[in-house]
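Undergrad: my questions are about this predicted structure, shown below with the sequence.
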Amino acid sequence: MINKFIIVLVLALTLVACTSTAPKEKPKIFEDKLAGSYSNLARCTIAKLRTEGNWALRSLQFNLKHYADIEASEVFAYDIRSLPGVFARNSPANPDAVFDYIDPNPGITTYEQRLANILPGYAFALLIKKNDESTVSASLEGEARSGEIAWKHLLECPAKAE
């Protein structure tokens, strides 16, 4: 009787531990329709974020994904302090660090594979999806501070993105 109880207890704890490690959706902060091309808007937003001097963005690394099956692009911002492979030579805490920036070319995948490819701990995710030939839907979920800055830069891009 005690052995069965222990086995059930271990299985229950294992299930609880496994469900808490899965990536969770973060709340949407912004959502709107914009004029422009989804891929150009995503690239423009990343370019503006990389030139931003704000301390909240200094430790973020941006990753662009392109989903051809739904005609959308998504920008993920990861805190490089929590990514695997960060050492003193590339840590944002080191003033002499050499940062390894991700290639600006998008990773092309399907939207179904999205959840399998998301690293846990992203600061924000900006999804830009094509509505028709001239408009897109944009939604941003994640942390408020860095998300607000990213949204501001996205709104500055449409005139240039055509």
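TA: Right, received. Where do you want to start?
Undergrad: need the strands for the chain, in chain order.
TA: Secondary structure of the chain (DSSP state E): strands at 28-35, 60-67, 72-79, 107-109, 122-130, 135-142.
Undergrad: kindly reformat those as a markdown table containing distance to residue 3 and mean neighbour count.
TA: Where you see a C-beta, it was placed from the backbone N, CA and C, and this is true even at glycine. Formatted as a markdown table, the strands of the chain follow (distance: least, Cβ to Cβ, whole Å; neighbours: other Cβ atoms under 10 Å):
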| stretch | distance to residue 3 | mean neighbour count |
| --- | --- | --- |
| strand 28-35 | 47 | 14 |
| strand 60-67 | 47 | 21 |
| strand 72-79 | 44 | 22 |
| strand 107-109 | 46 | 13 |
| strand 122-130 | 42 | 22 |
| strand 135-142 | 45 | 19 |
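Undergrad: confidence-wise, which of those is weakest overall?
TA: Ranked by mean pLDDT, the strands of the chain bottom out at strand 107-109, with a mean of 73.
Undergrad: re earlier: format the strands of the chain as TSV; extra columns: distance to residue 52.
TA: Below are the strands of the chain laid out as TSV (distance: least, Cβ to Cβ, whole Å):
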stretch	distance to residue 52
strand 28-35	17
strand 60-67	9
strand 72-79	11
strand 107-109	22
strand 122-130	13
strand 135-142	15
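Undergrad: count the residues that sit near residue 51.
TA: 9 (other Cβ atoms under 10 Å).
Undergrad: ok, it to residue 153 distance?
TA: Here the distance between residue 51 and residue 153 works out to 9 Å (Cβ to Cβ, to the nearest Å).
Undergrad: repeat for residue 50
TA: To residue 153, residue 50 is 10 Å away according to Cβ to Cβ.
Undergrad: got it, and residue 65?
TA: Distance from residue 65 to residue 153, by Cβ to Cβ: 18 Å.
Undergrad: excluding chain neighbours, what is closest to residue 73?
TA: Closest residue to residue 73 apart from its sequence neighbours, by Cβ to Cβ, 6 or more residues apart in numbering: residue 42 at 3.8 Å.
Undergrad: how about the contacts made by the one you found?
TA: Neighbouring residues of residue 42 by Cβ atoms under 8 Å, 6 or more residues apart in numbering: 64, 73, 74, 75, 106, 126, 128.
Undergrad: if you set the cut-off to 10 Å instead, what comes out?
TA: Shown in contact with residue 42 (Cβ atoms under 10 Å, 6 or more residues apart in numbering): 36, 62, 64-66, 72-75, 106, 126-128, 136, 138, 154, 157, 161.
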